[in-house]
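Undergrad: Model the structure of this input:
(2 chains)
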Amino acid sequence: MSCEKISNALMAYLDGRASAQERSIAEAHLKVCAACQERAEEFRRLWQVMAEVPAVEPSLAFDARVRQRIAAAPRPKFWAWMMPAPRFAVSVALLVVLSIWIGGRQPRSVNPQIATANSEEQFRMIKDLGVLENYDVLSNFDALSDLPASSQPRQAPQQSPQENLHQGNGPGSGSGA
Amino acid sequence: MARSDVQLMLDVKAGDELSFEMLLHKYRTPLVNFLCRMVRDQAAAEDLAQEVFFRVYRARKEYSPSAKFTTWLFRIATNLALNAIRDGRYRQMQISIDAPVAEDEPAFQLPSREARADDRLIERERNQMIRGAILTLPEKQRAAVVLHKYHDMDYAEIGKILGCSESALKSLLFRAYETLRVQLALLVARPATQAAGEGKRHEL
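TA: Sure, this is the predicted structure:
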């Protein structure tokens, strides 16, 4: 097996943390590889040399500066308790926006009284549609306006066309609607 | 009976300031040393360590003991150090064999014969040489080596801190130590005379 392939096993073996399998792989390789024997020896010496470097001590003011840093931090906002986590806050906001959007797409609720009144008015209009059409034709009929005044039918007492329509005796009522 | 780190942190979460002081007292030296080996100098390391403790305190309400306390603490420290190094906030020590050495900077070489007279100077030179070699490693390799060598953490914990598998970590460590072995060859290689002597013995 090549030196590169056994590097993980060799690392763990030299470190004293190898599994049984890693140990057997590393030991078998070290028996036959002079380069890795030298590497292993130098790794051990390297670790000894590294251990010689002394640790540093934090400065005397270290703890005080930590406390100062904490004290200088801005206090959480008064509403922060409502927002245990930013992800939660964003989720709630998205839910509200989504609800408003879906609500806007729903058909509007209709007042039943208004709906009934509207339908009655529409029904009346449809019923009188024929009369209205005849009235429209007769009121714009040029031939009738050319007739002498005497030949015109006697005018009924002043009455609006709308009233006539409702009473059923308007112009053209005889033609049947 | 001494409380565990996790218990201390849970007490901090519950509002016990004294428990935070105990954690600060226990981990300030390891943390400053870790960061000192990650960045150039002690002042920078202390700045970062203060930030780590501040973040621990700030996150106390959300703390849940899902991992060892040290794993959590050193993960915060490692992330801060790696970000600081990548941002260039703390200038890394660059060592080059060809680069000219400034007069006011210590040269990274074996102590001369004259310097051997002063043991303390030799020791200081060696320490600077080793620290310098560690600082030239890529950031992730450096963090792995420092946690492995100076904090005696196992592969699983270092893997969690650095976010890599145990297998990837072993490979990372092997490459890092291989680089250090070459860089510090003057300190770790067997003297040629000793090797030659052993060779002769084998021949006999």
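Undergrad: From here on, just use CA atoms for contacts and neighbour counts.
TA: Will do.
Undergrad: which residues touch the longest helix seen in chain B?
TA: The longest helix of chain B (DSSP state H) is helix B:17-38. Applying Cα atoms under 8 Å, 6 or more residues apart in numbering or on different chains, the external contacts of helix B:17-38 come out as A:55-58, A:63, B:5, B:8-9, B:11-12, B:42, B:44-46, B:48-49, B:53, B:57, B:74, B:77, B:81, B:131, B:134-135, B:139, B:142-143, B:146-147, B:150-151.
Undergrad: helices or strands up against the helix or strand just after it?
TA: Downstream of helix B:17-38, the next assigned helix or strand under DSSP states H and E is helix B:42-58. Contact partners of helix B:42-58 among helices and strands, from 3 or more Cα pairs under 8 Å, 6 or more residues apart in numbering or on different chains; DSSP states H and E: helix A:62-72, helix B:17-38, helix B:69-87.
Undergrad: how about those in JSON lines, adding distance to A:Met11?
TA: Converted to JSON lines, the helices and strands packed on helix B:42-58 look like this (distance: least, Cα to Cα, whole Å):
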{"stretch": "helix A:62-72", "distance to A:Met11": "37"}
{"stretch": "helix B:17-38", "distance to A:Met11": "22"}
{"stretch": "helix B:69-87", "distance to A:Met11": "22"}
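Undergrad: circling back to that earlier point, which members of the contacts of helix B:17-38 are classed as buried?
TA: Among the contacts of helix B:17-38, those buried by neighbour count (16 or more other Cα atoms under 10 Å in any protein chain shown) are A:58, A:63, B:5, B:8-9, B:11-12, B:42, B:44-46, B:48-49, B:53, B:57, B:74, B:77, B:81, B:131, B:134-135, B:139, B:142-143, B:146-147, B:150.
Undergrad: how far away is the spatially most central residue of chain B from chain A?
TA: For chain B, B:Val146 is the residue whose C-alpha lies nearest the centre (Cα atoms, centre = their mean; 3.1 Å). Computed as Cα to the nearest Cα, to the nearest Å, the B:Val146 to chain A distance reads 10 Å.
Undergrad: Alpha carbons of the one helix or strand that residue maps to, as PDB, please.
TA: Applying DSSP H and E as the criterion places B:Val146 in helix B:139-150. The C-alpha trace of helix B:139-150 is given here as PDB (Å, rounded to 0.1, in the frame of the first residue of the first chain):
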ATOM      1  CA  GLU B 139      -6.000  28.600   8.600                       C
ATOM      2  CA  LYS B 140      -7.900  25.400   8.800                       C
ATOM      3  CA  GLN B 141      -4.800  23.300   9.100                       C
ATOM      4  CA  ARG B 142      -3.500  25.700  11.800                       C
ATOM      5  CA  ALA B 143      -6.700  25.400  13.800                       C
ATOM      6  CA  ALA B 144      -6.600  21.600  13.600                       C
ATOM      7  CA  VAL B 145      -3.000  21.400  14.700                       C
ATOM      8  CA  VAL B 146      -3.500  23.800  17.600                       C
ATOM      9  CA  LEU B 147      -6.600  22.000  18.900                       C
ATOM     10  CA  HIS B 148      -4.900  18.600  18.400                       C
ATOM     11  CA  LYS B 149      -1.500  19.400  19.800                       C
ATOM     12  CA  TYR B 150      -2.100  22.100  22.400                       C
END
